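Colleague: The sequence isn't on hand, but the structure is:
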């Protein structure tokens with residue numbers, strides 16, 4: 001009996017890993033014969049997801065904006081959306097390259113014979129789905145444990161928001177040029193879960209460019225903005241009439257907080273805590 005057990009164990013160890021078919025967000029199917037041991041990630045949220053699932057040591061290169069966790073800063077930086085270093089990526093001999101759907105290099109990488117998986121989470125539902133896909137890529141059996149932790153953290157953040165802060169209408173400026181977080185973005189979803197309103201309706205898209213006069217007319221009670229965008233905000237034409245500006249209800253996020261807030265991935269619960277703190281300190285004052 002014992003001999004048969006050890007024989008079965010040795011046989012299992014000798015069997016090759018089962019191949020998996022990965023269908024990405026572009027509808028492309030990539031066949032991975034075994035869990036990849038050399039991974040390139042060209043999107044910060046995907047980099048963070050790989051690391052959160054315990055595979056940071058398998059990364060051999062990342063895009064220039066991937067900076068968390070700290071250990072990825074020692075990896076080769078492979079450029080950004082417009083200047084990805086395809087030759088350097090090829091020289092790293094990755095088993096798979098994770099790219100954004102909007103990446104311009106996916107086809108060039110495939111033409112070089114590299115396996116490419118294009119993923120770009122933009123909503124809570126997307127984050128949960130992408131976690132599952134990367135879990136399959138990495139052969140991690142329970143990738144959804146990360147999603148359960150995110151959900152619990154967001155719920156905890158929501159419970160910390162006082163009743164006086166609920167319902168306040170927020171304008172969240174995510175980038176210079178007045179690009180805003182709409183209701184349909186993952187940031188907008190977080191605001192909704194925290195009980196806040198959003199002056200940018202879902203019909204305008206997740207991150208629309210907004211006319212300054214639109215914000216004046218909408219008259220938000222609270223403004224969230226990065227430290228760069230905050231410069232001169234009160235001097236914008238007509239903005240001194242906005243309730244948020246008149247009452248000093250403006251949350252200015254530092255760059256490190258901006259990274260957390262702008263990445264739909266494992267740190268979304270932390271992002272919810274940052275927003276909740278803003279609501280507690282400003283909206284309830």
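Modeller: Structure's in. What do you need? Keep in mind it's a predicted model, so treat the numbers as computed, not measured.

Colleague: show me where the stretch 51-200 of the chain has helices.
Modeller: Along the stretch 51-200 of the chain, the segments classed as helices by DSSP state H, counting those that start in this stretch run 86-91, 106-111, 124-138, 144-159, 186-193.

Colleague: With respect to residue 223, which of those lies nearest?
Modeller: Proximity to residue 223, assessed across the helices of the stretch 51-200 of the chain by C-beta to C-beta, is greatest for helix 186-193 (12.4 Å). Backbone N, C-alpha and C define where each C-beta goes, glycine included.

Colleague: Could you tell me the angle between the closest one and helix 124-138?
Modeller: 120 degrees (axes from the mean of the first three to the mean of the last three C-alpha atoms, to 10 degrees).

Colleague: Are there helices or strands packed against helix 186-193, and which ones?
Modeller: helix 124-138, helix 144-159, strand 169-175, strand 197-198, helix 268-278 (3 or more C-beta pairs under 8 Å, 6 or more residues apart in numbering; DSSP states H and E).

Colleague: so it versus strand 169-175, what angle?
Modeller: Using the same axes, to 10 degrees, one finds that helix 186-193 and strand 169-175 are set 160 degrees apart in direction.

Colleague: so helix 186-193 versus helix 268-278, what angle?
Modeller: Using the same axes, to 10 degrees: helix 186-193 against helix 268-278 is 60 degrees.

Colleague: List the buried residues in stretch 101-109.
Modeller: Within stretch 101-109, the residues scored as buried using 16 or more other C-beta atoms under 10 Å are 103, 105-106, 109.

Colleague: Now that residue 55 has come up, it's in contact with residue 37, right?
Modeller: No - using C-beta atoms under 8 Å as the test, residue 55 is too far from residue 37 to be in contact (9.2 Å).

Colleague: who has more neighbours, these two?
Modeller: With neighbours defined as other C-beta atoms under 10 Å, residue 55 and residue 37 compare such that residue 55 has more, 20 against 12.

Colleague: Look up how far residue 155 lies from residue 34.
Modeller: 37 Å (C-beta to C-beta, to the nearest Å).

Colleague: Sorry, wrong one. I was asking about residue 212.
Modeller: For residue 212, the distance to residue 155 - C-beta to C-beta - is 35 Å.
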